[in-house]
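Q: Need coordinates for the below:
(one chain, ligands or ions: 1)
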Amino acid sequence: MGCSSWPSDNELDRLKKMVAIMGRGSPSDVRVVVSPYRICPLGAHIDHQGGTVSAMTINKGILLGFIPSDDSQVLLRSGQFQGEVRFRVDEVQHPKGSITANNTENAHDSSKVCEECDWGNYARGALYALQRGGYHLTQGIIGFICGSEGLDSSGLSSSAAVGVAYLLALESANSLTISTTENVELDRIIENEYLGLRNGILDQSAILLSSYGCLTCMNCKTKEYMLIHLPKLLGDQESKGQEAYKILLAFSGLKHALASNPGYNCRVSECQAAARVLLQVSGNERCDPLLCNVELDVYEAHKDKLEPNLARRAEHYFSENMRVTEGLKAWASGKLEDFGRLISASGLSSVQNYECGCEPLIQLYKILLRTPGVFGARFSGAGFRGCCIAFVHPDRAEEAASFVRDEYSKVQPKLAGQLNSDTAVLICEAGDSACVI
Ligand code: GLA
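A: The predicted structure is shown next:
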C-alpha cells in the first residue's frame, strides 16, 4: 500500500504562499500541520465510558500553515471564517465554562462554539492545555487554517483536528517535544476542561495515533492502543495496486443539529446513571460511575434493575464493545464483509439503543444498507447532522455513490438540493496521522 494521497503539493504550495505574505517571510519558512479527519467504524459512543474503540483517519482534513512570529503574538486567519484572531502566548488562559447538554453537538464543530469572531477558541484552548501541562511558551505563530472544502460540521471531528493542529503548531514554534500520547491528553484538556464538552478521547486518538493502512484500536480506559494491519490477502485489488476498500462519505445536508436532539452530554449522563445503578447493586459504588467499571456478568445479572432508557444505553455500551472485539478479528483476517456487517449493526444499535441520529441520517443509513458494493455503513459521530460513512468495494464505489445520491434526493429532495451534486457523496481513502511538514 502507498501512503495518504492528501494533501497535494498544490494545496501545500498555495497555503505556504499565503502564509508567507501574512508573515512577510518566504514560502520555505512556512511549516504546515496536516491534521486529518477521522472515522470510527466501530466503537461509537463508548469512548466516554472507557470502552474500546476502532478508528482511522481519511485523506481529508485541516491544514494549518504557520511561521513562528518572533515574539509572543499569535495572529490567525481562517479559510472558513471572517476576521482575525489575536492573542499572546504569555497571556494566562482560563476555561470557557461548560457547554449545556443541548448545544454540545454543535460545539463539536470548532466554528459553532461561538460566533465567527470567536473561531479562535481552539487556539486559545490549545494554549490553555499547554499551560496546564506546565509548558511556558514564548513564541507565537502567524498562521492560516483551512479545512477540506464542504466537510465542516459533518461529524468527522473537525474540532479535534483543529485542536490538534494548534497544539502541534505551538509546540513546533516553541521547540517542544511532546509525545503523541501526551498530545491526546492535551487535546482532552482543550475539549473537556477548556470548552466543557464531556466527550471521550476517540477523536484525537484517531488523529494522532493512526497509521496509513491500519485500523487503530484504543482502549479508552487504560489508554493502550494497537495498530492493526489489513492483511494483503485480498489478492485481486492488491495486484491492481488498489486498496481493498474505499470509504464513502454520504452527506445529509444537515449542518446544524435539530433543536429536538437530546444532545451529547445528556447521553453521557444517562450512561453514567446506568453505571451507578449497576455498581451499587454489585457493591462497587466506590468505583467511578463509568460503564467500563461494570463487569459484563454484573450487567447481565442486573440489567432488569435499570429504567428502560438506561437499559438501552447500557445495552449499546456492552454490545458495541463486543462488536469492536469481533470487528478487530474480522479486520485482522481481511474479512471485510464481516467487518462491514458489524459496522451496520453498530449503526442500528446507535439508532435503537443509544437513540441518537435524526431522520435524514437514518434514511441515508438505510439507503447505504441496500447500496451495491457497500460492506457496511453507519452515521459518523452522533448522527444529529453531517454524514454517514460506508466501507465499499473499490470497483463499485462510483456506482454506489451515484445510487446513494439518487435515492437520497428522492426521500429528502430539499436537503439534497442544498448539496453540491459533485460532493454530496465523496469517495475517500484512508489517511495517516497528524504531523508537521
Ligand atoms: C464525538 C465525540 C467522541 C465520540 C463520538 C461518538 O465525535 O467527540 O468522543 O464519543 O462522538 O463515538
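
Q: for the most centrally placed residue in the chain, what are its contacts?
A: Centroid check for the chain by Cα atoms, centre = their mean gives residue 157 as the closest residue, at 3.2 Å. Contacts here follow Cβ atoms under 8 Å, 6 or more residues apart in numbering; on that basis residue 157 touches 37, 38, 108, 203, 206, 207, 381. Every C-beta, even on glycine, is put in place using the N, C-alpha and C of the backbone.

Q: same thing with residue 386?
A: Residue 386 makes contact with 153, 154, 155, 156, 251, 252, 254, 255, 361, 379, 380, according to Cβ under 8 Å, 6+ apart.

Q: what are the ranges of the strands in the stretch 51-200 of the chain?
A: Along the stretch 51-200 of the chain, counting by DSSP state E, counting those that start in this stretch, strands occupy 52-68, 73-78, 84-88, 141-147.

Q: I'd like those strands laid out as a markdown table, including mean neighbour count.
A: Below are these laid out as a markdown table (neighbours: other Cβ atoms under 10 Å):
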| stretch | mean neighbour count |
| --- | --- |
| strand 52-68 | 26 |
| strand 73-78 | 21 |
| strand 84-88 | 15 |
| strand 141-147 | 25 |
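
Q: out of those, nearest to residue 426?
A: strand 52-68 (7.8 Å; Cβ to Cβ).

Q: and that closest one with strand 73-78, angle?
A: 120 degrees (axes from the mean of the first three to the mean of the last three Cα atoms, to 10 degrees).

Q: Next, work out how far apart the residue nearest to the centre of the chain and the ligand are.
A: 5 Å (Cβ to the nearest ligand atom, to the nearest Å).

Q: Report the contact partners of the nearest residue to that residue once chain neighbours are set aside.
A: Residue nearest to residue 157 in three dimensions, not counting chain neighbours: residue 203, with 4.1 Å by Cβ to Cβ, 6 or more residues apart in numbering. Contact partners of residue 203, counting by Cβ under 8 Å, 6+ apart, are 38, 157, 159, 160, 161, 187.

Q: thinking again about what came up before, out of the contacts of residue 157, name the ones that lie in helices.
A: 203, 206, 207 (DSSP state H).

Q: Relative to the ligand, how far out is the first one?
A: Going back to what we said before, that points to residue 203. From residue 203 over to the ligand the distance is 5 Å, taken as Cβ to the nearest ligand atom.

Q: From residue 310, how far off is that residue?
A: According to Cβ to Cβ, to the nearest Å, residue 203 and residue 310 sit 25 Å apart.

Q: what about residue 21, neighbour count?
A: By the criterion of other Cβ atoms under 10 Å, residue 21 has 11 neighbours.

Q: helix/strand/coil for the residue of the chain positioned farthest from its centre?
A: What lies farthest from the middle of the chain is residue 283; by Cα atoms, centre = their mean that is 35.8 Å. With DSSP: H, G, I helix; E, B strand; the rest coil as the basis, residue 283 sits in coil.

Q: what residues are up against it?
A: By Cβ under 8 Å, 6+ apart, residue 283 has no neighbours at all.

Q: Tell me how far it lies from the ligand.
A: Look at residue 283 and the ligand: by Cβ to the nearest ligand atom, they are 29 Å apart.

Q: Let me know the pLDDT of that residue.
A: Residue 283 carries a pLDDT value of 95.

Q: go on, residue 265?
A: Looking at residue 265, its pLDDT stands at 86.
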